[in-house]
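Novice: Take this sequence and fold it.
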Amino acid sequence: KFNQIFKIEEVWVYLGIIAVSTTIIAVNISSMYSPYDAFHQSFFYVASLITTTGFGLTDVNEWPELSKAVILIITFIGATAGSTGGGIKVSRLVILVKSGMRDIKKAINPRSIETVKVDKQTVEEPVVKGISVFFAMYIGAILFQGKGFLKPQTFFNILNANAALIIIACGMSIVMITGGIDISVGGVAALVSMCCAVHLDHKGGNVIGAIGIALLIGLLYGVVQGVLVAYLDIQPFIVSLAGMFFARGLTTIVNAVPFNVEHEGFKALKNYRIIMPGFGSINKKGEYVDAYIQIGVVVAILVVILFFCVLRWTKLGRSFYAVGGNQHSALMLGINVKKTKFLSHLICSVLAGIGGMVYFLYVGSGSPSHASGMEMNAIASAIIGGTLLTGGVGNIIGTFFGVLSLATIQNIVSSAGLDQAWWT
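Specialist: So this is what the prediction gives:
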């Protein structure tokens, strides 16, 4: 395309690439870069130059052999110059050259992000670990705490009580997969429950309005924290810590006194039960009692399914894993790292808002002390499910079973008649 427009012979195009690329390498090496950084930065700039100036050679397989050789020669010269200045051994130079060749092939092809695959370590192993921990815990409860854990309703009660935590832990997992963390989710859930309670009881609002408030609070938190973390490069722990304090303080400002919600429409929704046919049991009076779940469980399961599919089969999900695994490599693949980080925090906060609404449906009241410690439970659930704090590894299904494992421990402590301090 370049030749057709400017009527320049092909050889001069390659010579121009050589001149500009060599200049870039020289500038990088002389700008106080370490040899390793200079080497990889040079690859990035060369690849960007070739893919953005309209030569039309967007796939490395389309390159003529001459241009391939030219780029590899320039790369070797740049690596040699950087290695000589830094005193790196020949063996290290060979490693850098091989690594660079892989980088440039990926960076040259803007479609390379579509070929990024999530390996077994990031998907299958965390799921197996999370499920194994849960079943080991539940079987232990059956063996040592009696047959109460054999009743299906016991398991459904665990789901009912922890639906909000499941939703919030899913958002936490996404942030942790990208290498970040968000400890404001408990405060956001408490703020949502208090604002919704005040809206329904004191302001005469309706349930639809309460749901809108929950989503709005989560969205605003996600936008603010996402911008601070992704675009201003502030540490996520500091940002979310400030967010947690702000949410807790704002909850007290909205209403400092705990109270139960008496709104009729809300109470009807809170007490609504979805019968699970075939899972009922006989109580002590000899009566058959249907097993049931609450609406929050349905919402939690839908969230788990949705974000499992997002992480497993979408470009966005692969970007989360890539950014968490190695930000520099993700950038070389053409991934917008800042946007990916922003979206991870946005999703986490929105899920915290949804989780806060589900939590509010379960407790039926507003209180400044609501959801206390939920952020730590969400982090613990994600880790039990196989998500790494360092990022790049994790899975929503594993997180789901991590929540169930923590809830089972809590039930064991309660069934044994021990003080709740053993749980906390």
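
Novice: Go through the longest strand anywhere in the chain and flag the buried ones.
Specialist: Longest strand of the chain, by residue count under DSSP state E: strand 273-282. Across strand 273-282, burial judged by 16 or more other C-beta atoms under 10 Å covers residue 280. Where you see a C-beta, it was placed from the backbone N, CA and C, and this is true even at glycine.

Novice: Please name the strands paired to that strand in the sheet, noting orientation.
Specialist: strand 288-294 (antiparallel) (DSSP bridges).

Novice: Other residues contacting the strand it pairs with?
Specialist: By C-beta atoms under 8 Å, 6 or more residues apart in numbering, the surrounding residues in contact with strand 288-294 are 152-153, 156, 159-160, 163, 272-277, 279-283, 361-362.

Novice: repeat that with 6 Å
Specialist: The list of residues contacting strand 288-294 from outside it, by C-beta atoms under 6 Å, 6 or more residues apart in numbering, reads 152, 153, 156, 160, 273, 274, 275, 276, 279, 280, 282, 283.

Novice: one step back: restrict the longest strand of the chain to CA atoms and write it as PDB.
Specialist: The C-alpha coordinates for strand 273-282 follow below in PDB (Å, rounded to 0.1, in the frame of the first residue of the first chain):
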ATOM      1  CA  ARG A 273     -39.200 -19.100  48.700                       C
ATOM      2  CA  ILE A 274     -38.400 -21.300  45.600                       C
ATOM      3  CA  ILE A 275     -39.400 -24.900  46.400                       C
ATOM      4  CA  MET A 276     -36.900 -27.600  45.400                       C
ATOM      5  CA  PRO A 277     -39.100 -30.600  44.600                       C
ATOM      6  CA  GLY A 278     -37.800 -34.000  45.700                       C
ATOM      7  CA  PHE A 279     -35.300 -32.500  48.300                       C
ATOM      8  CA  GLY A 280     -37.700 -32.200  51.300                       C
ATOM      9  CA  SER A 281     -37.300 -34.100  54.500                       C
ATOM     10  CA  ILE A 282     -39.400 -35.400  57.500                       C
END
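
Novice: does residue 319 really touch residue 335, like I thought?
Specialist: Yes. Counting by C-beta atoms under 6 Å, residue 319 touches residue 335, with 5.1 Å between them.

Novice: all helices of the stretch 251-400 of the chain, in order?
Specialist: 264-270, 295-313, 315-325, 327-332, 337-363, 374-384, 396-415 (DSSP state H, counting those that start in this stretch).

Novice: Residue 340 is in contact with residue 322, isn't it?
Specialist: No. Taking contacts as C-beta under 6 Å, residue 340 lies outside contact range of residue 322: 8.0 Å.

Novice: What pLDDT does the model give the nearest residue to residue 330 once chain neighbours are set aside?
Specialist: Distances taken as C-beta to C-beta, 6 or more residues apart in numbering put residue 322 closest to residue 330, at 4.1 Å, once the chain neighbours are dropped. Note for residue 322: predicted pLDDT of 93.

Novice: Within its local environment, how many residues does residue 322 see?
Specialist: Burial measure for residue 322: 24 neighbouring residues, criterion other C-beta atoms under 10 Å.

Novice: Next: residue 246.
Specialist: Neighbour number of residue 246 under other C-beta under 10 Å is 16.

Novice: Please name the nearest non-neighbouring residue to it.
Specialist: Residue 246 sits nearest to residue 187 (C-beta to C-beta, 6+ apart), 7.4 Å away.

Novice: What are the neighbouring residues in contact with the one you found?
Specialist: 244, 247, 248.

Novice: Mind checking which of those are buried?
Specialist: 244, 247, 248.

Novice: so the last one sits in a helix?
Specialist: Yes. The assignment for residue 248 by DSSP: H, G, I helix; E, B strand; the rest coil puts it in a helix.

Novice: List the residues that contact it.
Specialist: residue 187.

Novice: And it, how far from residue 191?
Specialist: Counting by C-beta to C-beta, to the nearest Å, the gap from residue 248 to residue 191 is 8 Å.
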